[in-house]
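*Asks:* Quick one, fold the following:
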Amino acid sequence: MKKSALVLCAVAAVTATLAAAVPPAAGAPAERSPLTWKKCATKTYPTLQCASLKVPLDHQEPGGRQITLALSRVPHTAKTSQGPLLVNPGGPGGSGLSMAGFVAKSLPGKTAAQYDIVGFDPRGVGRSRPALNCVPGHFDPVRPASVPATAALERDNLRRARAFATACGKKYGDVLPFIDSVSVVQDMDDIRAALGAQRVNFFGYSYGTYLGALYGRLYPQRVRRMALDSLVDPTGVWYDDNLRQDEAFDKRYKAFMTWIARNDAAYGLGEDPGGVEAKWYAMRGALAEKPAGEKVGAAELEDTFLPGGYYNGYWPRLAEAFAAYVNDGNSRPLVAAYDMFGAVDAAGENGYSVYSAVQCRDVRWPREWRTWRDDNDRMHAKAPFTTWNNAWYNAPCAFWPTHHLSPPNVANSELPPVLLFQGTDDPATPYDGAVRLHHLLRGSRLVIEEGGGNHGVTLSGNTCLDRHLAVYLTTGKVPTDDGGTDAVCKARPAPRPQAPRKAQPRALSHPWSTMGA
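*Replies:* Modelled structure (predicted):
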């Protein structure tokens with residue numbers, strides 16, 4: 001799915017600042033250890049340090065071409081260290097440089113002080129070199145509508161997908177065969193070695209949970225502790241997982257429409273969720289005919305509202321824009337919401353390029369477009385909110401220029417207890433997949449947020465979840481294993497409308513940066 005698997009506003013807000021502080025790649029031979037750490041503090045994270053590490057482009061040829069990974073860390077301050085805690089925010093394609101600072105600041109001080117918390121930009125991402133950007137401007141508005149209601153729309157979207165895959169192959173043909181999840185995991189072990197650690201601790205969100213599971217499979221003896229939040233189903237990577245997301249996002253979208261109906265006094269869109277939903281689809285149809293501000297067509301509208309599936313804190317602003325367009329004929333808040341939540345900048349283009357490179361290389365995708373059409377038509381019939389938007393986002397994999405790999409089986413009985421976190425209503429990584437991963441990682445413990453629909457549930461205000469995480473990282477203690485769910489935390493309350501709709505005539509402003517891909 002297109003948006004970052006983790007919506008961590010505080011993480012994303014300082015990524016650009018950190019990127020400027022990390023040295024670009026050089027042409028020197030690989031240097032494994034020690035790392036040279038330099039200050040790259042920000043106002044938010046004043047103790048942050050940065051370094052770079054050379055790793056092989058092809059881990060089967062360790063003496064061959066080298067690439068550079070950008071690293072960050074917050075060093076431990078306690079007298080006794082528990083070693084490095086490597087962190088990853090998700091993706092594929094997500095920048096992890098600022099996550100070290102975020103985790104260090106968000107964990108209890110006594111817990112964070114015991115770890116060297118280390119973030120990194122995976123190969124191809126951000127300040128790592130080379131960094132991919134296959135087609136600058138690929139998401140510039142206005143794109144063809146996602147739903148292929150006509151043969152012409154289908155041809156236009158297919159042309160875009162094929163052109164993106166072709167451009168990636170021409171621009172990065174020497175690199176794409178080595179942009180994949182297993183290579184990232186091998187990089188992670190090189191980071192461990194460069195840190196001088198026999199074993200590493202790991203904390204990952206979303207796609208980062210798949211990296212953690214892969215690392216545990218390839219290097220079980222090198223895992224000390226591992227916490228995984230919002231769990232990728234490793235049995236469905238990646239084609240099936242995306243189809244499962246479509247149905248889950250549709251359910252989450254309906255929850256949003258129900259919330260709007262419940263707050264009719266604020267938004268004036270009606271008290272019937274079905275009626276509110278009908279107005280949203282009517283808005284999408286109208287924007288397909290006449291884009292708002294010559295910028296927000298049907299596809300851009302889907303991009304704008306999709307982040308609301310990841311994080312319900314966005315619901316009030318999205319509802320305001322929806323109401324202004326439908327009730328007042330005012331499209332300015334909708335355009336502002338697109339700029340806030342849906343627009344793709346250069347970092348987002350980089351993230352999407354790496355997202356495509358990893359997912360298309362990791363596993364086999366259908367090469368016959370008829371398979372895609374049939375599967376997505378069936379899914380669209382029951383889940384029309386984002387099915388086709390998601391299909392076109394992934395469609396370059398039907399034409400990808402590299403041969404696919406075979407995904408490793410992550411089933412594992414050799415790891416120390418792994419602590420898993422999952423919201424029961426998370427659409428990006430649906431709950432059923434979390435249960436499957438829990439069973440595959442023997443001895444793992446599963447902590448659920450009952451009724452939680454956000455993606456990335458720890459360190460976001462739920463004290464029950466955060467307590468389990470802090471205890472585990474501090475002591476290694478996990479909840480008692482009962483063969484199923486091991487601990488349950490209640491979800492945080494749904495957001496409240498920010499103000500009555502008529503008191504919000506202004507255009508929306510953007511208080512943070514969003515993370516692409």
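
*Asks:* Helices along the stretch 151-300 of the chain, start to end?
*Replies:* Taking DSSP state H, counting those that start in this stretch, the helices of the stretch 151-300 of the chain run over residues 151-172, 181-194, 207-218, 239-262, 264-267, 273-289, 298-305.

*Asks:* Next, format these as JSON lines and append mean pLDDT.
*Replies:* Formatted as JSON lines, the helices of the stretch 151-300 of the chain follow (pLDDT from 0 to 100):
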{"stretch": "helix 151-172", "mean pLDDT": "98"}
{"stretch": "helix 181-194", "mean pLDDT": "98"}
{"stretch": "helix 207-218", "mean pLDDT": "98"}
{"stretch": "helix 239-262", "mean pLDDT": "98"}
{"stretch": "helix 264-267", "mean pLDDT": "98"}
{"stretch": "helix 273-289", "mean pLDDT": "98"}
{"stretch": "helix 298-305", "mean pLDDT": "98"}
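
*Asks:* Output those helices as TSV; include the columns mean neighbour count and distance to residue 457.
*Replies:* Just so you know, the C-beta spots here come from the backbone N, C-alpha and C atoms, and that holds for glycine as well. As requested, the helices of the stretch 151-300 of the chain are exported to TSV (neighbours: other CB atoms under 10 Å; distance: least, CB to CB, whole Å):
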stretch	mean neighbour count	distance to residue 457
helix 151-172	17	33
helix 181-194	22	23
helix 207-218	26	12
helix 239-262	20	14
helix 264-267	18	26
helix 273-289	17	25
helix 298-305	26	21
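
*Asks:* so which of those gets nearest residue 111?
*Replies:* Set against residue 111 and scored by CB to CB, the helices of the stretch 151-300 of the chain come closest in helix 207-218, at 18.8 Å.

*Asks:* Show me how far the closest one is from its chain's centre.
*Replies:* 15 Å (CA atoms, centre = their mean, to the nearest Å).

*Asks:* Poorly predicted segments of this structure, please.
*Replies:* 1-33, 482-483, 499-517 (pLDDT under 70).

*Asks:* can you give me the strands for it?
*Replies:* Applying DSSP state E to the chain gives strands spanning 38-39, 49-56, 66-74, 84-88, 116-121, 200-205, 223-229, 419-423, 445-450, 487-490.

*Asks:* Put the alpha carbons of the third one into PDB.
*Replies:* These are the backbone C-alpha positions of strand 66-74, laid out as PDB (Å, rounded to 0.1, in the frame of the first residue of the first chain):
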ATOM      1  CA  GLN A  66      30.200  -0.700  -2.500                       C
ATOM      2  CA  ILE A  67      27.200   1.400  -1.700                       C
ATOM      3  CA  THR A  68      26.700   3.700   1.300                       C
ATOM      4  CA  LEU A  69      24.200   3.500   4.100                       C
ATOM      5  CA  ALA A  70      23.300   6.700   6.100                       C
ATOM      6  CA  LEU A  71      23.100   6.000   9.900                       C
ATOM      7  CA  SER A  72      22.000   7.900  12.900                       C
ATOM      8  CA  ARG A  73      22.100   7.200  16.700                       C
ATOM      9  CA  VAL A  74      21.300   8.500  20.100                       C
END
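
*Asks:* Next, the buried residues of that strand.
*Replies:* Buried positions in strand 66-74, judged by neighbour count with 16 or more other CB atoms under 10 Å: 66, 67, 68, 69, 70, 71, 72, 73, 74.

*Asks:* In TSV, list those residues along with distance to residue 228.
*Replies:* Output for the buried residues of strand 66-74, formatted as TSV (distance: CB to CB, whole Å):
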residue	distance to residue 228
66	30
67	26
68	27
69	21
70	23
71	21
72	21
73	21
74	21
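
*Asks:* In those residues, find the pair that's most separated.
*Replies:* Every pair of the buried residues of strand 66-74 checked by CB to CB; the farthest is 66 and 74, at 26.6 Å.

*Asks:* returning to that earlier point: take the helices of the stretch 151-300 of the chain and write them to CSV, including distance to residue 348.
*Replies:* As requested, the helices of the stretch 151-300 of the chain are exported to CSV (distance: least, CB to CB, whole Å):
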stretch, distance to residue 348
helix 151-172, 14
helix 181-194, 19
helix 207-218, 16
helix 239-262, 18
helix 264-267, 29
helix 273-289, 21
helix 298-305, 10
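
*Asks:* right, and those helices - which one's nearest residue 481?
*Replies:* For those, the distance to residue 481 is smallest for helix 207-218, at 17.5 Å, taking CB to CB.

*Asks:* angle of the closest one against helix 181-194?
*Replies:* Interaxial angle, helix 207-218 versus helix 181-194 (axes from the mean of the first three to the mean of the last three CA atoms, to 10 degrees): 70 degrees.

*Asks:* other SSEs contacting helix 207-218?
*Replies:* When contacts are defined as 3 or more CB pairs under 8 Å, 6 or more residues apart in numbering; DSSP states H and E, helix 207-218 sits against strand 84-88, helix 181-194, strand 200-205, strand 223-229, helix 431-440.

*Asks:* go with 10 Å
*Replies:* strand 84-88, helix 181-194, strand 200-205, strand 223-229, helix 346-362, strand 419-423, helix 431-440 (3 or more CB pairs under 10 Å, 6 or more residues apart in numbering; DSSP states H and E).

*Asks:* Ok, which of those comes nearest residue 136?
*Replies:* helix 346-362 (5.9 Å).

*Asks:* roughly how far apart are residue 56 and residue 205?
*Replies:* 27 Å (CB to CB, to the nearest Å).

*Asks:* And the two? Which one has more around it.
*Replies:* Taking neighbours as other CB atoms under 10 Å, residue 56 and residue 205 compare with residue 205 leading, 34 against 19.

*Asks:* Name whatever forms a beta bridge with the more buried one.
*Replies:* Beta-bridge partners for residue 205, by DSSP bridges, are residue 229.

*Asks:* Give me the distance between it and residue 383.
*Replies:* For residue 205, the distance to residue 383 equals 24 Å [CB to CB].

*Asks:* CA atoms only for stretch 434-447, dumped as PDB, please.
*Replies:* Output of stretch 434-447 as PDB, limited to C-alpha atoms (Å, rounded to 0.1, in the frame of the first residue of the first chain):
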ATOM      1  CA  ALA A 434      -0.600 -10.700  12.700                       C
ATOM      2  CA  VAL A 435      -2.000 -13.900  14.000                       C
ATOM      3  CA  ARG A 436      -0.200 -15.900  11.300                       C
ATOM      4  CA  LEU A 437       3.100 -14.200  12.100                       C
ATOM      5  CA  HIS A 438       2.600 -14.900  15.800                       C
ATOM      6  CA  HIS A 439       2.200 -18.600  15.100                       C
ATOM      7  CA  LEU A 440       5.200 -18.700  12.800                       C
ATOM      8  CA  LEU A 441       7.500 -17.100  15.500                       C
ATOM      9  CA  ARG A 442       7.400 -19.800  18.100                       C
ATOM     10  CA  GLY A 443       7.500 -18.400  21.600                       C
ATOM     11  CA  SER A 444       6.500 -14.900  20.500                       C
ATOM     12  CA  ARG A 445       3.900 -12.900  22.500                       C
ATOM     13  CA  LEU A 446       1.100 -10.900  20.900                       C
ATOM     14  CA  VAL A 447      -0.200  -7.700  22.500                       C
END
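
*Asks:* what separates it from the chain centre, distance-wise?
*Replies:* Per CA atoms, centre = their mean, the centroid offset for stretch 434-447 relative to its chain is 21 Å.

*Asks:* Find the nearest non-adjacent residue to residue 295, please.
*Replies:* Distances taken as CB to CB, 6 or more residues apart in numbering place residue 141 nearest to residue 295, at 4.8 Å, with adjacent residues excluded.
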